[in-house]
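A.B. asks: next one to model:
(one chain, ligands or ions: 2)
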Amino acid sequence: MSPSQSEPMVYDLFLADEEATLALAQRLAKIVQPIDSKIHIYLKGDLGAGKTAFTRAFLRALGVTGRIKSPSYALLESYTVSSLNLYHLDFYRFNSPEEWVEAGFRDILEESAVVLIEWPEKAGGLLPPPDLYLHFHYKDEGRQLSITAHSTKGQTWIKTLTQNN
Ligand SMILES: Nc1ncnc2c1ncn2[C@@H]1O[C@H](COP(=O)(O)OP(=O)(O)OP(=O)(O)O)[C@@H](O)[C@H]1O
Ligand SMILES: [Mg+2]
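C.D. replies: Ligands and ions are numbered 1, 2, ... in the order given. Here you go, the predicted model:
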């Protein structure tokens, strides 16, 4: 696995239980912080696969206090830690790709902020590529997770994750 901008770097791992999902989210939060402020992570996987569980632990580890609600209904939950904005979005309820543009979410992606999006595929091809795609698959009692980097930054994070195993 050598970092290059042309081919995405992939890291596959098995998360045996929820604890493993939360631990990985905490590890990744340590890696991305505090140097990078524009952080885009998209989370794919079936209902109940672990996207919100991961995001909650990730946001918590980045310093979000108080309740972290799933954005399944509100579509967007936002947080601020010091001067950093963090956005957790869920596009599950979108019926057409144009809806995310109409909802006014495009500006969020231009901000120097942490942005996590569940069900990004509901936006069709309208979303820019993230730093990382996290794809959760049901496997036995746990989850198989495939992490793909789509930016140089994302590649660096994966490299650090695999090195600190
Ligand atoms: N590695 C794991 N192994 C087994 N269970 C897990 C694992 N990680 C998380 N879970 C459990 O799976 C469920 C994940 O629910 P969560 O709300 O995070 O799913 P989601 O992917 O956000 O679903 P939705 O598409 O409905 O938003 C929780 O009950 C959590 O305890
Ligand atoms: Mg969810």
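A.B. asks: helix or strand for whichever residue of the chain sits closest to ligand 2, just tell me which one.
C.D. replies: Here the chain gets closest to ligand 2 at one residue, residue 52, 3.3 Å apart by C-beta to the ion. Glycine gets a C-beta too; all of them are placed from N, C-alpha and C. Using DSSP states H and E, residue 52 sits within helix 51-61.
A.B. asks: so what touches that helix?
C.D. replies: 18, 21-22, 24-26, 28-30, 41, 43-45, 68, 70, 72, 79, 86, 88, 90, 114, 116, 118-119, 134, 136 (C-beta atoms under 8 Å, 6 or more residues apart in numbering).
A.B. asks: is it positioned near ligand 1?
C.D. replies: Yes - for helix 51-61 and ligand 1, the contact criterion (C-beta under 6 Å from any ligand atom) is met by 51-53.
A.B. asks: who's in contact with the residue nearest to the spatial centre of the chain?
C.D. replies: With distances taken as C-alpha atoms, centre = their mean, residue 41 lies nearest the centre of the chain, 3.1 Å away. By C-beta under 8 Å, 6+ apart, the contact list for residue 41 reads 58, 115-117, 130-134.
A.B. asks: any of the residues you listed buried? List them.
C.D. replies: Buried residues within those, counting neighbours by 16 or more other C-beta atoms under 10 Å: 58, 115-117, 130-134.
A.B. asks: out of those residues, which are inside helices?
C.D. replies: Judged by DSSP state H, these include residue 58 as members of helices.
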